[in-house]
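J.: quick one: sequence plus predicted model below, questions after.
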Amino acid sequence: MTSFRLEKKNLLDINNIEVIYDHVILVLKGISLQVAEGDIVALLGANGAGKTTTLKAVSNLLQSERGDVTKGFIEYRNVRIDKLTPWALVKKGVIQVMEGRHCFPHLTVEENLLTGAYTRSSGRKVIRQDLEKVYSYFPRLKDRKGSQAGYTSGGEQQMTAIGRALMANPSMILLDEPSMGLAPQLVDEIFEIVKSLNQNEGVSFLLAEQNTNVALRYADYGYILENGRIVMDGSAAELSDNSDVKEFYLGLSTAGRKSYRDGKHYRRRKRWLA
Amino acid sequence: MEFFLEVLIGGLLAGVMYSLVALGFVLIYKASGVFNFAQGAMVFFAALTFVGAQEKLGLSLWAALAFSLLLMILLGVLTEKIVLRPLVNQPPISLFMVTIGLTFFVEGLAQLMWGTKVYPLELGIPDEPVATTIESLGLSATNLPTVLQEINSFDLIAAIVAGVLVAGLAIFFQITKIGRALRAVADDHQAALSIGIPLKSIWAIVWSVAGFVALVAGLMWGARNGVQFALTFVALKALPVLILGGFDSVMGAIVGGLIIGALEKLAEVYIGPFFGGGIEIWFAYVAALLFLLIRPEGLFGDKQIDRV
Amino acid sequence: MFYRESGQLKTSYQEDQALLSITQDRIGLLLILIGAFVLIPLLASDYWFTAILIPFLVFSLAALGLNLLTGYAGQLSLGTAAFMAVGAFAAYNFELRVPGLPVLVSFILAGITTAIVGIAFGIPSLRIRGFYLAVATLAAQFFIPWLLVKVGWFTNYSSSGVITTQPVEIFGYVFDSPVERYLLVLAIVSVLALLAKNLVRSNIGRAWMAVRDMDVAAEVIGIKIMRTKLIAFGVSSFYCGVAGALYAYVYLGSVEPDGFNLDLSFRILFMVIIGGIGSIMGSFFGAAFITLLPIFLDIIINDGAALLNLKLAAGITSVMQLLVFGGLIIFFLIVEPLGLARLWQITKEKLRLWPFPH
Amino acid sequence: MTENILNVNKVSLSFGGVAALKNVSFQVEEHKILAIIGPNGAGKSSLLNVVNGVYKPQKGQVIFKGKTWKNVVPYEAARSGIARTFQNIALFKGMSVLDNILTGRNLKMRAGLLSQAIYLGKCQREETNHRKAVEQIIDFLQIQHIRKTPVGRLPYGLQKRVELARALAAEPELLLLDEPMAGMNVEEKEDMSRFILDVNEEYGTSVILIEHDMGVVMDISDKVVVLDYGKKIGEGTPEEIRNNQEVIDAYLGVAR
Amino acid sequence: SESPNTDSVVQDTDASDTQFFGVAGYRVGPYGPNGAPVATGYLDYLQMLNERDGGINGVKLTWEECETEYNTSKGLECYERLKTRNPMGPTAIHPMSTGITYGLIDKVPVDQIPLITLGYGRTDASDGRVFPWVFPLLSNYWSLTSAIVRFIGKQEGGLDNLKGKKIVLLYHDSAYGKEPHQLLKAEAKNFSFDLSMIPVPHPGNEQQSQWLRIKKEKPDWVIVWGWGVSTATSIKTAKKVGFPREKMVGNWWSGAEVDTLAAGKGASEGYYAATLNLAGDHYPVIEDIKEHVYDKGNGGDESYIGTVLWNRGVAMAMLTTEAVRNAQAKYGNKPMSGRQVRWGIENLDLSQARLDSLGFGKMVPPIKVSCEDHEGSGLAGFQQWDGGKWVSVSDWIQGDSDLVRRQVEESAAKYAKEKNITPKCLGE
Ligand SMILES: Nc1ncnc2c1ncn2[C@@H]1O[C@H](COP(=O)(O)OP(=O)(O)OP(=O)(O)O)[C@@H](O)[C@H]1O
Ligand SMILES: Nc1ncnc2c1ncn2[C@@H]1O[C@H](COP(=O)(O)OP(=O)(O)OP(=O)(O)O)[C@@H](O)[C@H]1O
Ligand SMILES: [Mg+2]
Ligand SMILES: [Mg+2]
């Protein structure tokens, strides 16, 4: 089930990587995936499947968690990047939005956003413009720009984290659970932003997302992870049509959407892997 | 009254000397959220290198200065490379501990390189009342108030140096984006990495600057007491300053130093006799502690944020 | 292959909550205890008892005390030596002023006295946190020895401020020889370590860790922060106090307030951090590392030089010791920032998987 | 008619210039599930914080089980039967899952310090009994396999579940849940919903739930309160809310 | 510059027929600068004896140095280690620190190792009937205190002139600093001078407030009872507040080159200090050391030679080896046991003539030890810093030996009672 999208150039190529935490905990057991230039690729899977770990392997943040890529390699624009430092990657245009917000609590919202532009050498004016752009995406942030990020609400922090990454003017964003904690309206807006960045500025996305519904609506391609392995991949449309995906990730049974009240207690779940 | 003023001014000036040392702590804390235990050892290392280079290598004062500065920068860069880099994103206590290991190492290294002797350190700054200095310049000091005439030239110059240093650092952090980045790093190493703040160079820079500050402090203190192992103890004088002013504030280091210096001296002179003296050793700490009960983050420190 | 828990099924929660639920661990501990109580007394020399084993045990106890406070309850303290001083001088005064008091009782009373002092100095922790608190605890570190020097009564007006401890006597039996003293310390330390282990695996221990990890959340689930922190200071100081009394009575025989200086406090903190913060066993590892390593380094460097017929410049050996010691601390922390105990745990986890890598 | 377990009465709260809550009132009936929804920064979490005493409102009262909170601190709230989970996970990172959940039973433990140190007898019995209770919760939430894992190593979703377990361990009468399903996929949300419903049905626990997934909110809550910019802009059954124009404008966007 | 030194290396002669010396010194840490010259001098002298005389009466000397860092628990470890290093153990030990001394006092009678504490340690141990194994040779703190008072009296033109004078004791705020209090108070009463005591908190690197107080009190004399960095700081701060250095007297741990040099150029001129031994390298014994040790490239740091503390190390070694020689006269020319050396020390009698023949001349005062008097001299010398070196400014001065003796016996008796010791002479 490899990619059929030969017509597009691979921007990011993850080749059969294995990740071990703390020298003993094997988390990724050989993962290969590709992100083509200008694509939005969704990484789906249950809690603990290894989505975040995959993203961190790319952005090289694993080292700081005592994790290690022990096998395989990762290429960006056909150049190995697994030995690069995170900031070298950011300079190359690859940036990650971390799961769980990770704002700088003592910095104000605006300072948080500005740190995002650290690697850029553009003048103040350009940065100012980008800042305004982020504010226009998230007007709520403009209201709160003077407060320390640590005191803002969960959603505000999420917006700050995303806005901060945008300030780096990246060409590829690794988005970890962008919709988490955001109001439904905003979820749509975020994905609209993703779409517009993708279409207007050619930014590619690799996004880990639990909100499969939305993710598949905006993504071009998707991979489903389970237990550190890829169990299925395909174009977004293919995946949306798959009956298993429908049932387990979209919450749609043949009878249409079912109520959360009707969930069964000890029901057997389908797993691709034994 | 005059005596009071003299004690007060003496205290303020002593406080400035504490600030010099405290500044080094502040820098590292700002850049990593870590209390750098090795700062005292760095002061010792810097001063010993400076005199050692003069005595053993026969360098001139300026050459020795350049040499020791170079060595401090090297030390900073190596510390980043060997010690800090593998410990990104580790709990502050681990980083704190590693600075303790560094302390032993630096102390050992300094003594290995330059021996364990005591050296005098001459900077050529007159150590005499201002009046005398002014007169030796051929000017008249008679219209200065006596209290001012009595101030020691050396202390005054130390104060000026500290002032310049503080102003310089404050401006540096204010106008360069490094200042903001530092605070970001101190808040969350990993997030800082994720948005491309180059921890490597930031830490190397900050440790080098801290090394420079240590050199300045080492020179000043060394000129006072001679260069010897006991220089590492000056760190103890800086700690109350640090908590009073706030761990992460350059301003705090100077203001805290002034307050602590003055309080300490006044207390020793006016309260000490009731306790048989020697209260200086704990007074600064107790005073700082009491203040912290009111403001747990010190005068200018960033408030700890806990929100659920 | 040998370190496996598979096949060891537990049939009750009680069993699962037992101190050592894996047979191999139980056997291991038994072996250690047999070694410590039987073999070592048979084999070791006086040098080993007085210069290595006794101080190792005493420091382990102090480190254990600090670990309860810093490792479990998350309150960084730099005043350990001062609390040890309280313990030492309290025991001395109890013995002095209550004739015939069994020394064990004095030790316990000293512990309790220290606990009270510790609680008093713990009060600021309710407002002050982290490194601020650590520096603030230095107030205790400087104030207590100052007070002990200043107030002659504490030292029984000894002109030099030095006290010489009374004989270690329990019901007429005097612990005199190094072996006896070693066994006495060993027994006390074993019992206290067991009690500490019990504490940290029951409710109070969990409350400590909760406060350490996130105090707001702890309060929200119904943990009284103030009480928890003060108990931590109290219990920790109790341990440090007893350690201080042992330090004076069993190890040195005579102490002065200035002996309980900042250096000692730091040394004990190093033990906690190197050994493993938040680990009872780690306290022992740390004490071993910090007390034994310099001695071995000294001997190795000296004898090594002699063997190689090297003429080392005077003082070089001492300096080399510092260098290597600092270097090793850095090395170990880079390998494992959570200390030797964690390193040990990882080794065990690997053993469990062995011969498979994961 | 059922009693109100909680009455929030004209509560206002502001931080410096930011008004987080403006004159908000609502009630929670016993045994019911109340959902609070609203845009980001509307004041939902702050409202929970007021209910369990983390924040003190400048105006208004909170009446719990007929008693008015006066200067309540979180500890007392916990003692009188309120447990909660947090939006930004607030687990005890250094402890295992089991220990985390056991801390939830802290209020019910009686053994003294000495007894805990000696551990034999009373303390051991107590530990075992509480362990049994906790194991039931573990079974119930299906987290047996991670019992002894340090929580720091768990994926986000599971941490949320452990947090719920910790709250349940206190056997609360009122459970406050701040976005318990954030970061979960549909399947996991189904499970979580099931758990919440079961707690509510089996133990009669009242629940206040903050959640952004409208599907969940509409399906499992008995009543919905909508906040916007600190003001209550709507209240009613899920059906009523779904059709409330003001709510649609402020929060839901296109009605779905 | 530093040339290699075999200090730390065990000599490789057959251990059983050598005389083994354990050296617990400190060369690193805050007091390293003070400790290094002492240890160097000690070892240089032993080495010289081996080279020049083949040891003592044909018995080769061996030694091992152990670093204590001036830290009590390290010192105890050193002691225990040195004990195991030779079948006979170290035949006398200089712990070089008061803390370590106290730690060893109860141990040495059991191990039968004489403890020599030259000018430090436990003062009342001068009563050999209570402390048969401890020897505060030459002089103790109380004799020193009394001698300092006499020296000041002399400067003032007679002890009577002390009346109404104001003297400040500036002391390191520790057990060590408290040593002179009792005696000084007694002397103040005797001579009706005005005494005030001002503590300097450890480590003493900041003394502004102390000196402002002194400046305000305008004393006639300041006695400096400092240690390590605190002495240099005292001198420096005195200069700063304009207090004349010629009105300051340090004790013998506050009067070495390390102190005056560290205070910086022009700060220490005129400063007085007591001493156990005189500085200078013009003694024949030093010529011998240079010839037999340094010229063969075996010595320590050459710049130490002739300094106060290096000379003190040499003197310490001489007193120890002379005790061995003394014991050999009684027990035969073979390695002496600790017990035999103890006898040797207790019966040590070095007249000026003997000192001259040893090449020490006036470097140390004559000494005659006895069971009652483990001090043996009670004399103190006084030197003044002339900007480049220490210059002797008086003969050996004896304090009020009756007063000192009374207090020693009183204190020793109290200790004996506490410890259930029946005071008696040990004899052989
Ligand atoms: N620092 C770490 N140390 C040890 N194990 C870890 C660490 N981080 C993650 N893991 C483990 O790795 C596995 C994958 O975690 P990861 O966070 O990648 O999952 P995820 O798919 O992102 O889950 P979620 O949807 O909950 O965010 C989990 O089983 C987790 O326990
Ligand atoms: N301790 C505080 N200090 C200052 N401002 C605060 C504090 N707590 C909350 N706020 C502000 O109050 C407003 C409401 O915050 P709250 O966390 O209640 O929002 P929320 O409704 O939970 O939003 P979200 O859905 O994004 O979590 C926000 O603008 C926030 O910045
Ligand atoms: Mg994830
Ligand atoms: Mg919220």
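T.: Received the coordinates, thanks. Ligands and ions are numbered 1, 2, ... in the order given.
J.: those residues of chain C touching chain A, which are they?
T.: Within chain C, the positions lying close to chain A (Cβ under 8 Å from any Cβ of the partner chain) are C:346, C:349-350, C:353, C:358. In this view, the C-beta of every residue, glycine as well, is placed from N, C-alpha and C.
J.: with the stretch 51-200 of chain D instead?
T.: D:87-89, D:153-158, D:179, D:182-191, D:193-194, D:197-198.
J.: the closest residue to chain A within the stretch 51-200 of chain C and residue D:231, how far apart?
T.: Closest to chain A within the stretch 51-200 of chain C is residue C:130: 13.6 Å, counting by Cβ to the nearest Cβ. Residue C:130 sits 38 Å away from residue D:231, going by Cβ to Cβ, to the nearest Å.
J.: and for residue A:133, the neighbour number?
T.: Neighbour count of residue A:133, defined by other Cβ atoms under 10 Å in any protein chain shown: 13.
J.: now the one 3 residues further on
T.: Residue A:136 has 10 neighbours, counted by other Cβ under 10 Å.
J.: in the stretch 201-350 of chain C, which spans are helices?
T.: Ranges of helices in the stretch 201-350 of chain C, per DSSP state H, counting those that start in this stretch, are C:203-213, C:215-220, C:225-246, C:262-275, C:280-307, C:316-335, C:339-353.
J.: might one say that the residue of the stretch 51-200 of chain C closest to chain A is in contact with residue C:76?
T.: Yes: in this structure, residue C:130 is within contact of residue C:76 by Cβ atoms under 8 Å, at 6.8 Å.
J.: ok, those two, which is more surrounded?
T.: Set residue C:130 next to residue C:76 and count neighbours by other Cβ under 10 Å: residue C:76 wins out with 26 against 18.
J.: give me the phi and psi angles of the more buried one.
T.: The phi/psi pair for residue C:76 (degrees, to the nearest 10) reads phi -70, psi 130.
J.: not counting sequence-adjacent ones, nearest residue to it?
T.: In space, and not counting its chain neighbours, residue C:76 is closest to residue C:134: 4.0 Å by Cβ to Cβ, 6 or more residues apart in numbering or on different chains.
J.: identify the residues contacting the residue of the stretch 201-350 of chain E found nearest ligand 1.
T.: At 43.8 Å from ligand 1, residue E:203 is the closest residue in the stretch 201-350 of chain E, using Cβ to the nearest ligand atom. Residues in contact with residue E:203 (Cβ atoms under 8 Å, 6 or more residues apart in numbering or on different chains) are B:230, B:233, B:236, E:30, E:228-230.
J.: can you give me phi and psi for it?
T.: Torsion angles, degrees, to the nearest 10, at residue E:203: phi -80, psi 0.
J.: which residue packs closest to it, ignoring adjacent ones?
T.: residue B:233 (4.6 Å).
J.: now whichever strand or helix holds the residue nearest to residue C:76 and helix C:262-275, what's the angle there?
T.: Assigned by DSSP states H and E, residue C:134 falls within helix C:130-150. Interaxial angle, helix C:130-150 versus helix C:262-275 (axes from the mean of the first three to the mean of the last three Cα atoms, to 10 degrees): 140 degrees.
J.: what residues sit buried inside helix C:130-150?
T.: Buried residues in helix C:130-150, defined by neighbour count with 16 or more other Cβ atoms under 10 Å in any protein chain shown: C:130-150.
J.: likewise for stretch D:48-63?
T.: Buried residues in stretch D:48-63 (16+ other Cβ under 10 Å): D:48-55, D:57, D:60, D:62.
J.: returning to that earlier point: mind giving me the ChimeraX select for the residues of chain C next to chain A, buried ones only?
T.: With 16+ other Cβ under 10 Å as the burial test, the buried ones among these are selected in ChimeraX as follows:
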select /C:346
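J.: of the residues of chain C next to chain A, closest to residue C:164?
T.: residue C:346 (46.3 Å; Cβ to Cβ).
J.: backbone dihedrals for residue E:109, please?
T.: phi -60, psi -40.
J.: that should have said residue A:235, apologies.
T.: When quoted as degrees, to the nearest 10, the phi and psi of residue A:235 stand at phi -70, psi 160.
J.: now do residue E:379
T.: In terms of degrees, to the nearest 10, the main-chain angles of residue E:379 are phi -100, psi 150.
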